[in-house]
Structures are given as structure tokens and as C-alpha cells.
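Trainee: let's see this in three dimensions:
(2 chains)
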Amino acid sequence: MQIYLPIADLPVNVFLILGMGLAVGFISGMFGIGGGFLMTPLLIFLGVSPAVAVATVSSHIAASSCSGAISYWRRRTIDVPLAGLLLAGGIAGTASGVWLFTMLRSIGQLDITIGLSYVLLLGIVGGLMVIESLRAIVRARQGKPVELRRPGSHTWIHGLPFKLRFKRSRIYVSAVPVLAIGYIIGFVGAVMGIGGGFLLVPMLIYILRVPTVTVIGTSMVLTLVTMASATVLHAATNHLVDAVLALLLMVGGVVGAQFGARAGHRISGERLRLLLGLLVLAVGIRFGLDLTLPPANFFSLRPLEGG
Amino acid sequence: MIRPALLTLLAATVSMPAAAPPAAAERLVTSLSEHRVMVTSSFNGSEVVLFGGIERDAGGLPLRGNYDVAVTVVGPRQSIVTFRKERMLGIWVNYESRVFENAPSYLAVLTNRPLEAIAGTGTLRRLQLGLDNIALPQRIDSASADDIGNEAFRRAFLQLQDEHGLYRQESNGVTFLTPALFRASIALPAEVPTGTYEVEVTLFADGMMLARTPSALEIYKSGFEQFVSSTAQTHGVLYGLATAMMAILTGWFASVVFRRD
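Mentor: All right, here's what the predicted structure looks like:
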């Protein structure tokens, strides 16, 4: 069944879009990520213009992270003060990210920047996650106790001032790295057009030592707020949010996220991180191949904006 | 079987006969099956049929039998950038670009036989008839530009537009039903932009242009599609807030529906 998208200006298969929403929603619910780094390339592949894809995906991420956040809220696995502090940093980061985005677009180097950042970020983050989780799995196999928390292994980060206690996460850290992480996520998210959950989750785990229990729910709250505001901003400035496409993606996404969240609870933390690491790495490699392999067509067309 | 219907159609024709060039006495009468094509939520491309008749007004001379017809459909014009990738430090980047200024977003050239057989290159160039002859002014933004590059960009541009089904040249796109009656079907792919399309019918005989008739076709969005796209344009903030609310409600609704505990 075909439906015509009023903003993207092209017809799409309803079931294909619902299915894509479902699949990406499942992944996002399972890992506590937005899934933007998967959905945006998928939509571009379908023929949706990159600008419309980025703008519309933000509302899809808002919906699936909202449904996920509610179910984590019921399980009482959201650290509200931590999420609030991350958000404060995130807003500042988004503002500077949007500034860089506009600047890069005006000098015509946006595409290559986005491509390279995808390769670098996804490659490094995915690689690190795979190595770390494999180590943890091997340790568990050898019968050694899994060290979820390493009280002795405090780094310089824990020596910073303005310490705050986050009760639900049972951590006692400085506000500085929390704000900095929020800033980086907001900045990267605005430049690359992603929610940044796949970066936030490992940062919270490895830098702030937030336990796996609260990390996903907390990350979802941050994603929900940033993506909902990104939707409003994109709609207000570029008029590129396709509400029909967004609704189709959302319906599939929220259903998928529910099943994903349940599946995520059945898998051990290390396995979950290994799977997410492999997924992130795969997308990074895909972008890397796009940049390095000779393209099928050396030419490409794009309507001149504002003309 | 078809002819009575055609004649009725022609009798009720909408287009006015074109002012014939002084040398010829032929007149063209054309009619489109639809003048307005509506893009609805189930729009998946469309087809508009053009019917045309050739008349001789003065002197009552018999019609010649060797007419050729070319139908050109030009969509709303827009500037389109064409990028060429080049390898730099191991990665492929958009290196050079040309802006095709006010290029047709849609272009169809339908004829009853290959264009080269209908008229000479000079005539076709002058009339800008056919993909090879249409003027496509380019603007060069990058510093390292050359004329040979221009030709390569033009070829790539035409080829990419053809792949998207937006530019088409069909040498069997016009069918003569009788020596003086013809029909052409204009295929509009699903990706056609909305706006006004100029339809032009040109009549030839023995390589000479005899008459030219302009007409127009409008492609527009239906009520709901129009509402969504115009609201997005004029009330961006409200539209964004509504979409964000829709996202939150959808998420909340799903969590209620799927609640198990």
C-alpha cells in the first residue's frame, strides 16, 4: 500500500516504513538508544532527502524514547537529577552544534564532515565497546567474578570539585564531567543529526561509572527531551518535518521499543554491550566503505536550496 | 471505435488554435485529458493524454500526409546543483560542482519518430527541441573549471534526471490515429514536483515547422497534503509542537497498551 508524503514529496510503501520503524524501535528499546544513526541512513536510502530525513527522524526518536522512558520509569530505573544535569549541558551543546552545522553548510563542507564523523565516532565507540564487552564475557567464562563496580579504580575525573551524590545510580561524582558529557552529546547530536544515545550510554558507563541498571532509562529521558526540542526547532526553522512519515515511523517505533525493552532485560549487560558495539561498528564500516570505495556514479544532483 | 469519442473530445476542445506562421496554413487543435492533476495520499504517478488534430483553414486544400508532431512538457523550473566526486586523501568527496540554473524539474519530449528524422539540427537547436538541444545554462562555482567539464556535467545531469524518470525523450511517444489526428501520453512519475507544467505541441512537415500550440497542465496537492505542507510552511512552530506532542502521545499510548505489570 502506497502513501504520498506531503513534505518529502514522494510516495512510500506504508508497510515498509512501519517495518523499518518496528525494527529500529526494537533496537532502540533494547539498547536504550534513539536509533537515529540507523534510521536516518535508511530513509536517505529510500529516496527521502537528507534534510527531511534528519528532521523527521528526530520526532520518531522522541516517540520511541518516550515509550521506553515510561516503561523504565515504572521500573524506577531513571536517575532524574542526573538526567537533569546532563540536559543542562546538552542544551548548551546543541546550540553550539547548530552554529557549527550552519557554518559548515555555508562553506559546503557539511556532507564530508558528517561522513567522516560517522566513520570516526562509530568506529571508535563500536570498537571499544566490542573489545570491552568481549573481555568481560571472557572473564565471566573463566569463572572470575564480574566486576560491575570497581571502587578502587577511580580516575582523575573523580577528583574534580563540585561533587554531587546521585542516589539512584549510587554514584558520587563531580558536576563538571556530567555537564561536559551532556554538552558533547548535544553538540555531536546537532552536527550529525542523531540522538547520541549510542555515545551517551558508554560514556555514562565508563566515565561516570553509572550502573547498567539506571543508564538506559536515564539516557532515554535525555534523548526524549533533546529530540522533542529538535523536532520543534527543525519545523520552525527549516519546515522539513514530514508529519505523515513521522507518524508512520512512530507507530512502528513505539511498538518495537516495547518488545526491545523486554528483550533487553533478558540479556546480560555484557552481551548487550557486545551486540550494540557490533551494530555501531557495522554502521561505521558501512560509512567508511562509502567514503573510500569508488562510487557507482561520480555525479550527483541536488536542488539548490532557496532557489 | 475510438474515433467518435475523439471527435467529441476535439469538438469540446479547450485550447485555442495557435496563430499559424505566415508560410503555412495548417492549424493545430489540442486537448489534454486533464488540465489539473491532483496529488492525493495514494498518488503513485499519473498519465495525462494529449489529443491533437491538424486543420487546414484557407483554400480548402487537402491535408498533406507527412506530418510530424513533437510534444514538449516542461515542469516548474528550479536551480539544480550537480556534484562530481574526486578522490582526496583516500576518500571520495564532492570536489567540483555546476549549478544548472532554472532547469526544468520535469522534461518530456514526445515525437512520432526520431527527432533527427523530423527536422535538421539547426531547426531543432533554434526551437530547443529535444534533450540534446535544450539550453541548460550552467554556473560554475569551483575555481578549476573547464569547458570539457561543462559537457561532462551536462551529460551526467541529463542521465541522472533520466534515471529518476524526470527527463524523458520518446521517439514513439506520439501516435497518429489518422493522418490528421494524433495522441500522446505524458507519463508523470510519482516524484514529479507540483506546479504549472508548460505543454507545447509543434507541427512539422518536410523538416519545416508549421505551427506551435502552447497549453498548460497543473499538478497540485489535494486538501490534506496541501494542508500539511502549507501548515509546515506558515506555522512552523505550531506544526513542530504538534508533531512533538504527537510523538509523546504515541509513546505514552504504546506504553499504556503494552503495560503488563
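Trainee: low-confidence bits of chain A, can you list those?
Mentor: Applying pLDDT under 70 to chain A flags the ranges A:105-109, A:144-159, A:193, A:305-307.
Trainee: name the residue most distant from the centre of it?
Mentor: Relative to the centre of chain A, the most outlying C-alpha is that of A:G143, 33.7 Å out, by C-alpha atoms, centre = their mean.
Trainee: look up how far chain B lies from that one.
Mentor: According to C-beta to the nearest C-beta, to the nearest Å, A:G143 stands 35 Å off from chain B. Every residue, glycine included, has its C-beta placed from N, CA and C.
Trainee: part of a helix, is that residue?
Mentor: No: going by DSSP: H, G, I helix; E, B strand; the rest coil, the assignment for A:G143 is coil, not a helix.
Trainee: ok, now which ones touch it?
Mentor: Going by C-beta atoms under 8 Å, 6 or more residues apart in numbering or on different chains, A:G143 touches no other residue.
Trainee: could you list the low-pLDDT ranges of chain B?
Mentor: For chain B, residues meeting the criterion pLDDT under 70 lie at B:1-24, B:57-63, B:141-149, B:260-261.
Trainee: is it true that A:Y72 lies in a helix?
Mentor: Yes: under three-state DSSP, A:Y72 sits within a helix.
Trainee: contacting residues around it?
Mentor: By C-beta under 8 Å, 6+ apart, the residues touching A:Y72 are A:32, A:78, A:216-217, A:220, A:261.
Trainee: can you list contacts of the host helix or strand of A:V283?
Mentor: Secondary structure assignment for A:V283, by DSSP states H and E: helix A:269-292. Identification of contacts with helix A:269-292 by C-beta under 8 Å, 6+ apart yields A:27, A:30-31, A:33, A:37-38, A:41, A:115-116, A:118-119, A:121-123, A:125-130, A:132-134, A:136-137, A:140, A:146, A:148, A:198, A:201-202, A:205, A:212, A:264, A:267, B:90-92.
Trainee: one more: stretch B:197-204?
Mentor: Contacts of stretch B:197-204 (C-beta under 8 Å, 6+ apart): B:26, B:28, B:30, B:32, B:50, B:52, B:54, B:67-76, B:106, B:118-119, B:127, B:129, B:186, B:209-219.
Trainee: go with 6 Å
Mentor: Here stretch B:197-204 makes contact (C-beta atoms under 6 Å, 6 or more residues apart in numbering or on different chains) with B:28, B:30, B:52, B:68-75, B:118-119, B:210-217.
Trainee: ok, now stretch A:29-36?
Mentor: Here stretch A:29-36 makes contact (C-beta under 6 Å, 6+ apart) with A:24, A:27-28, A:57, A:61, A:65, A:68, A:194-195, A:197-198, A:201, A:216, A:219-220, A:223, A:257, A:260-261, A:263-264, A:276.
Trainee: could you do stretch A:123-135 as well?
Mentor: Stretch A:123-135 is contacted from outside by A:202, A:270, A:273-274, A:277-278, A:280-281, A:284, using C-beta under 6 Å, 6+ apart.
Trainee: now do stretch B:72-82
Mentor: Outside stretch B:72-82, the residues touching it (C-beta under 6 Å, 6+ apart) are A:299, A:301-304, A:307, B:97-109, B:153, B:157, B:186, B:193, B:195, B:197-200.
Trainee: per-domain residue ranges of chain B.
Mentor: For chain B, automatic domain parsing gives the domain ranges B:3-221, B:223-261.
Trainee: possible to save these as a markdown table with mean neighbour count?
Mentor: Compiled in a markdown table, the domains of chain B are given as follows (neighbours: other C-beta atoms under 10 Å in any protein chain shown):
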| stretch | mean neighbour count |
| --- | --- |
| domain B:3-221 | 17 |
| domain B:223-261 | 17 |
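Trainee: nearest to A:A88, out of those domains?
Mentor: domain B:223-261 (20.0 Å; C-beta to C-beta).
Trainee: and the closest one with chain A, contact?
Mentor: Yes: applying C-beta under 6 Å from any C-beta of the partner chain, one finds domain B:223-261 touching chain A at B:225, B:228-229, B:232-233, B:236-237, B:239-241, B:243-244, B:247-248, B:250-251, B:254-255, B:258.
Trainee: against A:L249, how distant is A:G34?
Mentor: Separation of A:G34 from A:L249 (C-beta to C-beta, to the nearest Å): 12 Å.
Trainee: actually B:T234, not the one I wrote
Mentor: 24 Å.
Trainee: and if you look at B:A103?
Mentor: With C-beta to C-beta as the criterion, B:A103 and A:L249 are 32 Å apart.
Trainee: circling back to that earlier point, just the buried ones from the contacts of A:Y72, in ChimeraX syntax?
Mentor: One line in ChimeraX is enough to select the buried ones among the contacts of A:Y72; burial here means 16 or more other C-beta atoms under 10 Å in any protein chain shown:
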select /A:32,78,216,217,220,261
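Trainee: which member of the contacts of A:Y72 is positioned nearest chain B?
Mentor: Checking the contacts of A:Y72 against chain B by C-beta to the nearest C-beta gives A:A261 as the nearest, at 9.2 Å.
Trainee: can you confirm that closest one is in a helix?
Mentor: Yes: A:A261 sits within a helix when classified using three-state DSSP.
Trainee: what about the closest residue to chain B within the stretch 51-200 of chain A, helix or strand, and which?
Mentor: Here the stretch 51-200 of chain A gets closest to chain B at one residue, A:C66, 2.8 Å apart by C-beta to the nearest C-beta. Secondary structure from DSSP H and E places A:C66 in helix A:50-74.
Trainee: after that helix, which helix or strand is next?
Mentor: helix A:80-106.
Trainee: and that next one, what's buried?
Mentor: Within helix A:80-106, the residues that count as buried by 16+ other C-beta under 10 Å are A:82-83, A:85-87, A:89-90, A:93-94, A:97-98, A:101, A:104.
Trainee: if we can go back for a sec, who wins on neighbours among the contacts of stretch A:123-135?
Mentor: Among those, A:V280 has the most neighbours (other C-beta atoms under 10 Å in any protein chain shown), with 27 neighbours.
Trainee: and the contacts of A:Y72, which two are the farthest apart?
Mentor: Between any two of the contacts of A:Y72 (C-beta to C-beta), the greatest distance is 12.8 Å, for A:I78 and A:A261.
Trainee: rewinding a little: buried among the contacts of helix A:269-292? Need that as a selection in PyMOL.
Mentor: To isolate the buried members of these in PyMOL, using 16+ other C-beta under 10 Å:
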select buried, (chain A and resi 27+30+31+33+37+38+41+115+116+118+119+121+122+123+125+126+128+129+130+132+133+136+137+198+201+202+205+212+264) or (chain B and resi 91+92)
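Trainee: and A:G34 and A:L249? Which one has more around it.
Mentor: More crowded of A:G34 and A:L249, by other C-beta under 10 Å: A:G34, with 34 against 31.
Trainee: what about the more buried one, distance to A:L233?
Mentor: Distance of A:G34 to A:L233, computed by C-beta to C-beta: 16 Å.
Trainee: which residue sits closest to residue 179 in space, ignoring its chain neighbours?
Mentor: Going with chain A. Computed as C-beta to C-beta, 6 or more residues apart in numbering or on different chains, the closest residue to A:L179 that is not its neighbour in sequence is A:G89, at 3.8 Å.
Trainee: wrong one, I was asking about chain B
Mentor: Nearest residue to B:P179 in three dimensions, chain neighbours excluded: B:G65, at 4.7 Å (C-beta to C-beta, 6+ apart).
Trainee: thinking again about what came up before, which of the contacts of stretch A:123-135 lies closest to chain B?
Mentor: Using C-beta to the nearest C-beta, the contacts of stretch A:123-135 come closest to chain B at A:G284, 14.0 Å.
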